[in-house]
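Asks: sequence unknown, structure follows:
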């Protein structure tokens, strides 16, 4: 895979707008990523990952989920959101799914049938 040139990077920067946002929630928010290491691996397998890539992503996800089964084995059986030094975070794919679902519920789009 080749590296992009500086001019290609600049073109991509102009193509997309980036926003820094803070979200406030009025009700419960349910995360969909498992917290237990074995459940994370099974979840990634169901998404088509295997081998080294599965191991690498599972290890990274376990750290981001701050899953510690020894400290709280019951809480690790739940699902949740990834966290970093600033707290919980929502990934780009989750925002896309949220907007897509909201548009559908509001009748602004139709679900494609396959």
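Replies: In hand now; what should we look at? All of these numbers come straight from a predicted model, not from anything done at the bench.
Asks: sticking with residue 3, tell me its helix or strand.
Replies: Under DSSP states H and E, no helix or strand contains residue 3.
Asks: distance of it relative to residue 53?
Replies: Separation of residue 3 from residue 53 (Cβ to Cβ, to the nearest Å): 21 Å. Every C-beta, even on glycine, is put in place using the N, C-alpha and C of the backbone.
Asks: neighbour count for those two, which is higher?
Replies: Ranked by neighbour count (other Cβ atoms under 10 Å), residue 3 and residue 53 place residue 53 first, with 11 against 7.
Asks: so what's the more buried one up against?
Replies: Counting by Cβ atoms under 8 Å, 6 or more residues apart in numbering, residue 53 makes contact with nothing.
Asks: now do the host helix or strand of it, average pLDDT.
Replies: Taking DSSP H and E as the definition, residue 53 sits inside helix 51-64. Averaged across helix 51-64, pLDDT comes to 89.
Asks: how about stretch 82-92?
Replies: Mean predicted lDDT for stretch 82-92 stands at 83.
Asks: try stretch 10-30
Replies: Across stretch 10-30, pLDDT averages out at 81.
Asks: distance from the chain centre to it, please.
Replies: Distance of stretch 10-30 from the chain centroid (Cα atoms, centre = their mean, to the nearest Å) equals 13 Å.
Asks: just stretch 49-56 next, same as before
Replies: With Cα atoms, centre = their mean, you get 17 Å for stretch 49-56.
Asks: residues of it that come out buried?
Replies: Using 16 or more other Cβ atoms under 10 Å as the test for burial, stretch 49-56 gives 49, 54.
Asks: before we move on, the earlier item: which residues are contacting the following helix or strand past the helix holding residue 53?
Replies: On the C-terminal side of helix 51-64, the closest following helix or strand by DSSP H and E is strand 79-80. Residues from elsewhere that reach strand 79-80, judged by Cβ under 8 Å, 6+ apart: 30, 31, 32, 33, 34, 35, 65, 88.
Asks: much appreciated, bye for now.
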